[in-house]
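>>> Structural data only, the sequence is not supplied:
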C-alpha cells in the first residue's frame with residue numbers, strides 16, 4: 001500500500017494499492033491550513049482504506065511546484081510518516097499527477113500566489129503511459145495562459161492525491177527515475193536569515 005501526500009496547493013491525501021487503485025482519498029482546498037488539516041486527513045484516509053500505518057510500504061510525496069510555506073508541510077509529513085513506519089519516500093512532481101491519464105497534450109497550472117501561476121507543459125504520454133513533461137514547471141504572471149493548438153489547459157486548485165499515488169505506483173512498477181529529491185519551490189521563501197549577527201543596543 002502507498003500513502004500519497006501533497007500540499008503544493010490545497011492539502012490532499014490518498015491511499016492506493018501497488019496497482020495504483022485508489023482505496024481512499026481526502027482533500028481540503030484551503031491554501032493556508034495545511035498544518036491544521038494534514039494529520040486529520042491522514043487518519044481519515046487510513047481509516048477509510050481500513051488499514052493501519054504499518055501496512056504502508058511507501059509514501060508518495062508531492063514535491064511541487066508550490067509556495068514554500070505550504071509545500072514543505074506535506075513533504076515534512078511524508079518524510080516523518082515514512083521514517084516512523086520504516087518505508088521509503090517516493091518523490092513525484094505534483095503537476096505530473098494532474099497530467100496522468102490524459103491522452104492529449106496538456107498545460108497544467110496552479111496558483112503560485114503573488115499574482116503568479118506555476119505552469120508545466122506536457123506532450124502525449126510516453127510509451128509507459130507516463131506524463132511526458134516538455135517544459136516547466138515555471139512561474140508566469142497570472143492571467144491568460146498560452147496554450148498550444150491541440151492542448152488542453154488544466155487549472156487546478158489542488159493536486160489529486162489519488163493520481164499522485166497512482167503515478168508513484170506506476171513509476172515503481174516500471175523502475176523509472178523518481179521525482180526530484182528537493183522541493184520545487186520556484187521562488188525563495190518570504191523570510192530569509194540575515195547574513196550575520198545583528199547588533200544589539202541597550
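Noted; the coordinates are in hand. Note that the structure is predicted; figures quoted are calculated from it, not measured. Numbering: from 1, shown residues only.

>>> Residue 180 is in contact with residue 92, isn't it?
No: using C-beta atoms under 8 Å, residue 180 and residue 92 do not qualify as a contacting pair, with a distance of 9.0 Å. All C-beta atoms are positioned from the backbone trio N, CA, C, and that covers glycine.

>>> shaky segments in the chain?
188-202 (pLDDT under 70).

>>> all strands of the chain, in order?
Secondary structure of the chain, counting by DSSP state E: strands at 2-6, 11-16, 22-28, 58-62, 89-92, 106-113, 116-123, 132-141, 152-155.

>>> Spatially, what comes nearest to the residue most central in space within the chain if we skip its sequence neighbours?
Nearest to the mean C-alpha position of the chain, by C-alpha atoms, centre = their mean, lies residue 62 at 2.5 Å. The spatially closest residue to residue 62, leaving aside those adjacent along the chain, is residue 6, at 3.0 Å (C-beta to C-beta, 6 or more residues apart in numbering).

>>> most tightly surrounded among the strands of the chain?
Ranked by mean neighbour count under mean count of other C-beta atoms under 10 Å, the strands of the chain are led by strand 2-6, which reaches a mean of 30.

>>> name the helices or strands packed onto the helix ranked longest in the chain?
Longest helix of the chain, by residue count under DSSP state H: helix 68-85. Applying 3 or more C-beta pairs under 8 Å, 6 or more residues apart in numbering; DSSP states H and E, one finds that helix 68-85 makes contact with strand 2-6, helix 34-49, strand 58-62, strand 89-92.

>>> a markdown table for those, including distance to residue 172?
Shown next, in a markdown table, are the helices and strands packed on helix 68-85 (distance: least, C-beta to C-beta, whole Å):
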| stretch | distance to residue 172 |
| --- | --- |
| strand 2-6 | 8 |
| helix 34-49 | 18 |
| strand 58-62 | 7 |
| strand 89-92 | 7 |
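
>>> for the ones you listed, which one sits closest to residue 123?
Across the helices and strands packed on helix 68-85, residue 123 has its closest neighbour in strand 89-92 (18.4 Å, C-beta to C-beta).

>>> what's next to that closest one, contact-wise?
Here strand 89-92 makes contact (C-beta atoms under 8 Å, 6 or more residues apart in numbering) with 2, 58-63, 78-79, 82, 164, 167-168, 171-172, 178-181.

>>> picking that back up, which among the helices and strands packed on helix 68-85 is found nearest to residue 139?
strand 58-62 (17.5 Å).

>>> quick one: that closest one to strand 11-16, angle?
For strand 58-62 against strand 11-16, the angle by axes from the mean of the first three to the mean of the last three C-alpha atoms, to 10 degrees is 150 degrees.

>>> Give me the distance between the two termini of stretch 102-111.
21 Å (C-alpha to C-alpha, to the nearest Å).

>>> Then stretch 47-67?
29 Å.

>>> buried ones in it?
Using 16 or more other C-beta atoms under 10 Å as the test for burial, stretch 47-67 gives 49, 51, 56-67.

>>> now swap in stretch 154-162 and tell me
154, 156, 158, 159, 160, 161, 162.
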